[in-house]
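> Quick check, what structure comes out for this input:
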Amino acid sequence: MLNFDFYNPTRIIFGSNTVKRINDLIPLDAKVLVLYGGESAHKNGTLTEVRDALGTRTVEEFGGIEPNPSYETLMKAVEMIREKGLDFLLAVGGGSVIDGTKFVAAAVGYEGDPWEILEKRGSKIRHALPFGSVLTLPATGSEMNNGGVVTKKATQTKLPFSSSHVFPVFSILDPTKTYTLPVRQLANGVVDAFIHVMEQYLTYPANARVQDRFAEGLLQTLIEIGPLVLDETQDYDTRANLMWTASMALNGLIGAGVPQDWSTHMIGHELTALHNIDHARTLAIVLPANMQVRRTTKRDKLLQYAERVWNITEGNDEQRIDAAIEQTRQFFEGLGLPTRLSDYQLGAKDIDQIVNQLEVHGLTKLGEHGDVTLAVSRSILEASL
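Purely as a prediction, here's the structure:
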């Protein structure tokens, strides 16, 4: 097991009818900005609950944060906070709203060009406004970690950042808030969480037995509940398990003391920035091809994954790896997420632009070994056609 420094200060309030707990978690004299995405937060009544819970506090609202939060939109929130002297943020939504709120929290007091926060992947953050979240879409785990991703529309640049200063102070996780979500978003959430686990698990053995077994349990849970999410529109236990699994998939616990990959995400980000494909759907395209192209360096963990997650024990090593990759692909497609670039009318002619963007963004040595060069990224994209 590798050395690690694990830190996660986020308080989780889990269960139905918990939005009212906001009143106990935010100072009474706080001047609050509530950030959200589209109209669903209004229509499903969550914003009304939040306003009621905030009571007599000074409250302003900022809506319109996109599914892939844009730098341009978020900077308007930064200006609003500075103008009105607000000092506590509350994200109401899914991972995109929470990611965007993290950036806003760091950008308000940032000295210099806030774009540097993203260019330097968060390393320049020295302080941030406190914020909490009310999660309405389980997927990214942003409600319990210190990372985010923001897109600059002007340059089609989608960059991740992280900092210990942007952990949520608290997050409210009420599974009933997922009841009105479209099936597409729920399926995306299952796959997003699944691949978050895979980025931390499918690398090379580090004799981290706790992390491996924990990761395998999360993967098996997602495999079990994935079809239920599609069939049971308002089953509390299914939604509760999805919500908590997505949080545990990326709160730092299973990644402590083990090597991590993240090449699938970096390549996927370029697909979203260039072609506006849902984040989870880009991952569903890239991961099976990534597993295939890098099957030699990932051999030991692929065999472990095949046996422990999919119960594949028949055949020689290569056959078991093939079967595990195919099972993964079928799982994604069974949830309605296509796994080929061609499913999005993209072909060989589009690969040059994607690879060029990876180079522009300095993503030339990805993966747990730093050996996913631009040539390997190209091979992965070609294998996903």
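
> In stretch 195-215, which residues are buried?
Within stretch 195-215, the residues that qualify as buried are 195-203, 208, 211-212, 214-215, counting by 16 or more other Cβ atoms under 10 Å. No exception for glycine: its C-beta is placed from N, CA and C like everyone else's.

> show me where the protein has strands.
For the chain, applying DSSP state E gives strands covering 11-14, 31-36, 58-62, 88-93, 131-135, 147-152, 157-162, 170-173.

> thought Gly347 was touching Leu385?
Yes - applying Cβ atoms under 8 Å, one finds Gly347 in contact with Leu385, separated by 6.5 Å.

> Looking at the two now, which is surrounded by more residues?
Leu385 (14 against 10; other Cβ atoms under 10 Å).

> Check the closest residue to the more buried one other than its chain neighbours and give its pLDDT.
Leaving out its chain neighbours, the residue that sits closest to Leu385 by Cβ to Cβ, 6 or more residues apart in numbering is Leu341, at 5.3 Å. Leu341 carries a pLDDT score of 98 in this model.

> can you tell me which residues contact Leu341?
285, 347, 350, 381, 384-385 (Cβ atoms under 8 Å, 6 or more residues apart in numbering).

> any idea of the mean pLDDT in stretch 235-248?
For stretch 235-248, the per-residue pLDDT averages 96.

> now stretch 193-212
98.

> Quick check: Thr176 vs Glu83, distance?
Using Cβ to Cβ, to the nearest Å, one obtains 35 Å as the distance from Thr176 to Glu83.

> whoops, I mixed them up, Pro130
Pro130 is 19 Å from Glu83, where distance means Cβ to Cβ.

> just Ile285 next, same as before
In this view, Ile285 and Glu83 are 42 Å apart by Cβ to Cβ.

> More neighbours: which of those two?
Between Ile285 and Glu83, Ile285 has the larger neighbour count (other Cβ under 10 Å), namely 28 against 9.

> Grab the nearest non-local neighbour of that one.
In space, and not counting its chain neighbours, Ile285 is closest to Ser384: 5.2 Å by Cβ to Cβ, 6+ apart.

> neighbours around that neighbour, how many?
Per other Cβ under 10 Å, the neighbour tally for Ser384 reads 25.

> Return the residues in contact with it.
Applying Cβ under 8 Å, 6+ apart, we find Ser384 in contact with 285-286, 288-289, 339-341.

> Taking those together, which two end up most distant?
Pro288 and Leu341 (11.7 Å; Cβ to Cβ).

> okay, now Ile12: neighbour count?
Ile12 has 18 neighbouring residues, counting by other Cβ under 10 Å.

> Would you quantify the distance from the closest residue in space to it that isn't next to it in sequence to Leu287?
Nearest residue to Ile12, sequence neighbours excluded (Cβ to Cβ, 6+ apart): Ser171, at 5.7 Å. Distance, Ser171 to Leu287, by Cβ to Cβ: 27 Å.

> Now do the contacts for Ile285.
Residues near Ile285 by Cβ under 8 Å, 6+ apart: 268, 271, 277, 338-341, 343-344, 384.

> what does the top helix by length along the chain contact?
Across the chain, the longest stretch assigned as helix under DSSP state H is helix 209-231. Contact partners of helix 209-231, identified using Cβ under 8 Å, 6+ apart, comprise 1, 183, 186-187, 189-190, 193-194, 197-198, 200-201, 235, 238-239, 241-242, 245, 248-249, 253-258, 304-305, 308-309, 331, 334-336.

> Give me the neighbour count for the closest residue in space to Ile312 that isn't next to it in sequence.
Once flanking residues are discounted, Ile312 sits nearest to Ala306: 4.1 Å by Cβ to Cβ, 6+ apart. Neighbourhood size, Ala306 [other Cβ under 10 Å]: 23.

> which residues touch Ala306?
Counted by Cβ under 8 Å, 6+ apart, Ala306 has contacts 312, 320-321, 323-324.

> just Ser16 next, same as before
Applying Cβ under 8 Å, 6+ apart, the residues near Ser16 are 174-176, 236.

> ok, so of the residues you listed, who is nearest Ser96?
Closest to Ser96, out of all of those and judged by Cβ to Cβ, is Asp174, at 18.4 Å.

> Check the gap between that closest one and Ala323 for me.
From Asp174 across to Ala323, the span is 39 Å (Cβ to Cβ).

> Looking at those two, which one has more neighbours?
The neighbour comparison of Asp174 against Ala323 (other Cβ under 10 Å) goes to Asp174, with 23 against 16.

> which one is the more buried one nearest to, not counting chain neighbours?
Thr18 (5.1 Å).
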